[in-house]
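[1] Turn this into a structure:
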Amino acid sequence: MTVAIYHNPACGTSRNALALIRATGVEPQVIEYLQTPPGRAELERLIARMGIAPRALLRRKGTPYEELGLDDETLDDDALVEAMLAHPILINRPIVTTPAAALLCRPSERVLELLGPLPRDFTKEDGEIVRARPA
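    Numbers count the residues shown, from 1 in each chain. Sure thing, here's the model as predicted:
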């Protein structure tokens, strides 16, 4: 199965999601989206595949969200996509894709909704344990 993760190595949730993917036995394509940002078509495709509105993909913490006035509820989807294209740090992460689906994996263990159960327990960076479940 082809799996890709839109990853920010500075983000603990993203690092945990990547490690969880690998713990399932899959080596994903890692896309460091701050270095290689998605274009408009790719970003819109990801949003559509996740079945969410662009606003649901916006990251607030550690971004220019407030400075850009993105809390303005009158901004349309196109304006929000434009903001994410101009400032990729606004794109929340990690996004994990498979041939069947795409998902914003917050918390990181949401990745298991795409990949199935872990073969063994997994310990996240903060010490939290994600328990393996039978298939």
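[2] ok, which stretches of the protein are helices?
    Under the criterion DSSP state H, helices of the chain are mapped to 12-23, 40-50, 54-57, 77-86, 112-115.
[3] Show me the one of the ones you listed that comes nearest E128.
    helix 12-23 (8.8 Å; Cβ to Cβ). (Each C-beta comes from the backbone N, C-alpha and C, glycine too.)
[4] Show me what that closest one is packed up against.
    strand 4-7, helix 112-115, strand 122-123 (3 or more Cβ pairs under 8 Å, 6 or more residues apart in numbering; DSSP states H and E).
[5] And it, what's buried?
    Buried positions in helix 12-23, judged by neighbour count with 16 or more other Cβ atoms under 10 Å: T13, S14, R15, N16, A17, L18, L20, I21, A23.
[6] What lies in contact with it?
    Helix 12-23 is contacted from outside by 3, 5, 7-9, 28, 30, 93-94, 96, 105-112, 115, 118-120, 122, 124-126, 130, using Cβ atoms under 8 Å, 6 or more residues apart in numbering.
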